[in-house]
Structures are given as C-alpha cells and as structure tokens.
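**Student:** structure for this input, please:
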Amino acid sequence: MRLLRQLEFAFRTRAVAGIADPGRLGVSQHAGITDPGYNDVGRQFNLETRARDLLHANGATRIARELHVEWNPRLKTAAGRADYRQKLISLNPRLVEHPTEIDRTLRHELAHILAQFRAGRRRILAHGAEWRQACVDLGIPDEKRCHNLPFPARTYAARFVYRCPNCRQEFPRVRRLRRAVACLACCRKHNGGEFDPRFRLRLLTCSGGLRPPTK
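**Tutor:** So this is what the prediction gives:
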C-alpha cells in the first residue's frame with residue numbers, strides 16, 4: 001500500500017532546497033565553499049559531536065550513533081533542515097556570517113530529530129508540542145518556529161490550490177500533489193488522526209495553462 005500523507009495547514013509558498021552531500025561538519029576543508037570563515041567554524045565547532053552528545057544526554061543513544069551533520073550550500077532561505085529518515089541535519093553555510101546563531105540553529109534542528117525519536121512511528125506536527133518540549137530539553141525553551149536571519153528570500157507563486165471537501169480549508173501548492181493527501185485537521189477530528197478518504201484534498205484551481213482533472 002502506498003504511503004498516504006496528511007496535511008494540517010497550507011504549505012508556505014517558499015522554495016524548498018534539496019539535500020546535497022557536501023561533507024560532514026568538523027572537517028577543516030569543504031569542497032564548493034570558499035568563504036574563509038567556513039574553515040574557522042569547522043575547526044572551532046565539532047557540531048556533529050556536540051549534537052550526538054546532546055542526544056545522549058536526553059536518552060536518545062541509539063539515534064545519536066546514526067546522526068550526521070553537514071553544511072549544505074543548496075540551502076538558501078532556510079538556516080537548517082532536519083531529515084529524520086536520513087538521520088541528517090543540514091545547515092546553511094551562511095551561518096558562518098552569524099556565528100552566535102550556529103549552536104541555536106543546530107539545537108533547533110536537533111529538536112526535530114529528538115521529538116520524532118520520542119514519538120516513534122506516531123505522526124507529530126513539525127513545530128508541535130513534542131518539538132517544543134524537545135527545545136526545552138535541549139536548552140532553547142524560547143525557540144521560535146522560523147529564524148529572522150537576513151538570508152535572501154525566494155518565493156514561488158502557488159500554481160495549484162487544493163481544498164478539503166469537509167472543512168473547505170484551501171491548501172496552495174507550488175507543485176501538484178502526486179499522492180493521496182487528506183486534511184489532517186479533519187482526520188484528527190473525525191477519524192482519530194488516521195487517513196480518511198472522505199477528507200482527501202481535491203484540486204480546485206491550476207495556473208499556467210493547466211486545468212483541473214474532470215470528474
């Protein structure tokens with residue numbers, strides 16, 4: 001059975017950077033990055049070791065052994081990204097211009113890893129109660145969902161708009177949904193949080209000369 005995903009709120013119409021594999025943090029050299037501050041940060045902060053130590057301190061020993069941290073030059077607007085499946089934290093190399101934010105960004109992303117580890121296979125919100133508790137445990141109790149660093153913003157217009165047939169909530173998307181996606185709020189309210197085809201999102205409008213599928 002193919003994986004069924006659920007949405008809770010409209011996706012932000014921001015560019016989503018991909019994940020590269022430019023190398024691990026703590027290494028003195030890094031291909032593709034010429035910023036002279038990068039190597040200094042790499043030597044000064046062994047961030048991967050720090051992240052693993054924080055996980056150990058919070059009882060997440062198993063995942064601590066698997067975690068990797070990297071600088072990812074493909075990140076443009078995001079300060080960092082956490083990928084639980086890959087056990088990977090990616091950080092924007094431009095953080096070297098804001099050295100006081102490096103540790104906080106690391107802990108912010110690590111909170112995503114720790115929260116999902118604690119939740120197991122249960123679905124959780126990206127910045128929900130589990131993440132907030134992980135932030136407290138990692139020493140950043142006042143952490144916000146989004147950073148305010150002066151990184152260049154790239155936005156894309158939403159070309160597709162989907163709607164929940166039950167609550168009528170609309171979900172703008174840059175790309176067309178390729179999987180069955182349902183409104184998470186309605187699934188939680190009426191079906192215990194499990195996927196319910198009654199609340200599967202329906203394509204409302206398309207732009208760029210595209211047409212919604214006919215019934």
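**Student:** ok now the helix or strand Val69 falls within, how far from the chain's centre?
**Tutor:** Assigned by DSSP states H and E, Val69 belongs to strand 68-71. The chain centroid and the centroid of strand 68-71 are separated by 14 Å under CA atoms, centre = their mean, to the nearest Å.
**Student:** what mean pLDDT does the one helix or strand Ala134 maps to have?
**Tutor:** Assignment of secondary structure by DSSP H and E places Ala134 within helix 129-137. Regarding helix 129-137, the rounded mean pLDDT is 96.
**Student:** list the buried residues of that helix.
**Tutor:** In terms of neighbour count (16 or more other CB atoms under 10 Å), helix 129-137 has its buried residues at 130-132, 134-135, 137. C-beta: built from backbone N, CA, C; applies to glycine.
**Student:** next secondary structure after the strand holding Val69?
**Tutor:** Next helix or strand after strand 68-71 toward the C-terminus (DSSP H and E): strand 80-83.
**Student:** run a quick neighbour tally on Leu75.
**Tutor:** Using other CB atoms under 10 Å, Leu75 has 21 neighbouring residues.
**Student:** mind listing what it touches?
**Tutor:** Leu75 is in contact with 17, 81, 90-93, counting by CB atoms under 8 Å, 6 or more residues apart in numbering.
**Student:** what ranges do the strands span in the protein?
**Tutor:** Applying DSSP state E to the chain gives strands spanning 5-7, 68-71, 80-83, 88-91, 160-163, 170-173, 181-183, 202-206.
**Student:** let's have these in CSV, adding distance to His56, mean pLDDT and mean neighbour count.
**Tutor:** CSV is the format used below for the strands of the chain (distance: least, CB to CB, whole Å; pLDDT from 0 to 100; neighbours: other CB atoms under 10 Å):
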stretch, distance to His56, mean pLDDT, mean neighbour count
strand 5-7, 32, 36, 18
strand 68-71, 15, 94, 22
strand 80-83, 18, 95, 20
strand 88-91, 15, 95, 24
strand 160-163, 42, 93, 20
strand 170-173, 39, 91, 17
strand 181-183, 37, 93, 23
strand 202-206, 46, 86, 14
